[in-house]
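# structure, please.
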Amino acid sequence: MHISHKILSLTILIFFLHQPLLHANETKKDQDSVLALGMEMSNMRNMLAAYILTGAKISYKRPHERLKNGIVHYENMLDTLTKDYPNDKVMQDSIQKSRDAWVNVKGAMELALKNTSLEKLKSGAIWIHGNIRTVIKEMANMKAHLFKTSTIQNKDALNASIEIAASAKRLSAHYMMDLWHLDDPTIEKHWEKGMKIYADSILVLKNSPFIHNKKFASNLRSVIKYHRYFRKMWEKPKIYSILIDKKTDIVFHKAKEITEIILQSK
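This next block holds a predicted model:
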């Protein structure tokens, strides 16, 4: 009995000693998943932009490769989340809805990889724009769920930096849709929604404690400057498609640097 009591006590001690490590591993997994979801929210818009560049016969940054790689990256993320959250019903439901919606979106995206007529490509772009939101919505739902249930630090600031990166890619895709003269009356509404999310996220970051970090503040100033730039460019005749894509790339990378600063804080 005495030996059994010692073994039991040792087992309990080992269990409690392992709790901080297990807790840290769970937090790291959730954090990585949130970052992956944010990246794929950007990637989904990037694929739409690559589709339009292909249809418009603009070869900037090899849109065919961007589109093919984007498809693989998104599907890999879904596979990873499926394995990492086998017992999380909310995650699994969203993953399944994502897979269901993705089947037809992917099929439409792949039109740009084939010898497809301009008329079909334009029709496909409109269809993608109308249906891609289901895929993005499920990613946003999963991100929100993980923020709610995890012990990730600085959630508001982290979410804001992720949303700025995604919004930048949204703006690029919608600018080029308008440039391509697609018959879609919702383009401007979704551009404005992207601009609002971008602006709201800037406000969160300006009011965060990280504003005292010089690199963070410098990156945020750039992000704010480009928000004003995108507003001006939208109001001009649409003739700067490649330039817009370049500028949104800058914002995307600035937002990633802001994210890294937030993650490095203790």
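# show me where this structure has helices.
2-55, 63-84, 89-109, 118-149, 155-179, 187-206, 214-235, 241-264 (DSSP state H).
# in a markdown table, list the ones you listed along with mean pLDDT.
What follows is the helices of the chain, written out as a markdown table (pLDDT from 0 to 100):
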| stretch | mean pLDDT |
| --- | --- |
| helix 2-55 | 76 |
| helix 63-84 | 96 |
| helix 89-109 | 96 |
| helix 118-149 | 95 |
| helix 155-179 | 95 |
| helix 187-206 | 97 |
| helix 214-235 | 96 |
| helix 241-264 | 92 |
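# tell me the most buried of the ones you listed?
helix 155-179 (a mean of 25; mean count of other CB atoms under 10 Å). Backbone N, C-alpha and C define where each C-beta goes, glycine included.
# tilt between that one and helix 241-264?
With axes from the mean of the first three to the mean of the last three CA atoms, to 10 degrees defining the directions, helix 155-179 sits at 170 degrees from helix 241-264.
# list the helices and strands helix 155-179 packs on?
For helix 155-179, the elements it packs on are helix 2-55, helix 118-149, helix 187-206, helix 214-235, helix 241-264, judged by 3 or more CB pairs under 8 Å, 6 or more residues apart in numbering; DSSP states H and E.
# OK, contacts around the residue lying closest to residue 213 once chain neighbours are set aside?
Leaving aside its sequence neighbours, residue 213 sits nearest to residue 261 (CB to CB, 6 or more residues apart in numbering; 5.9 Å). By CB atoms under 8 Å, 6 or more residues apart in numbering, the contact set of residue 261 is 210, 213, 215-216, 219.
# closest to residue 123 out of these?
residue 219 (39.5 Å; CB to CB).
# quick check: that closest one touching residue 254?
Yes - using CB atoms under 8 Å, residue 219 is in contact with residue 254, at 4.6 Å.
# domain assignment for this structure?
39-150, 154-266 (automatic domain parsing).
# mind checking how far residue 115 is from residue 49?
For residue 115, the distance to residue 49 (CB to CB, to the nearest Å) stands at 21 Å.
# ditto for residue 137
19 Å.
# might you report the residue contacts of the nearest residue to residue 43 once chain neighbours are set aside?
The shortest distance from residue 43 to any non-neighbouring residue, by CB to CB, 6+ apart, is to residue 70 (5.1 Å). Contacts for residue 70 (CB under 8 Å, 6+ apart) come out as 43-44, 46-47, 50.
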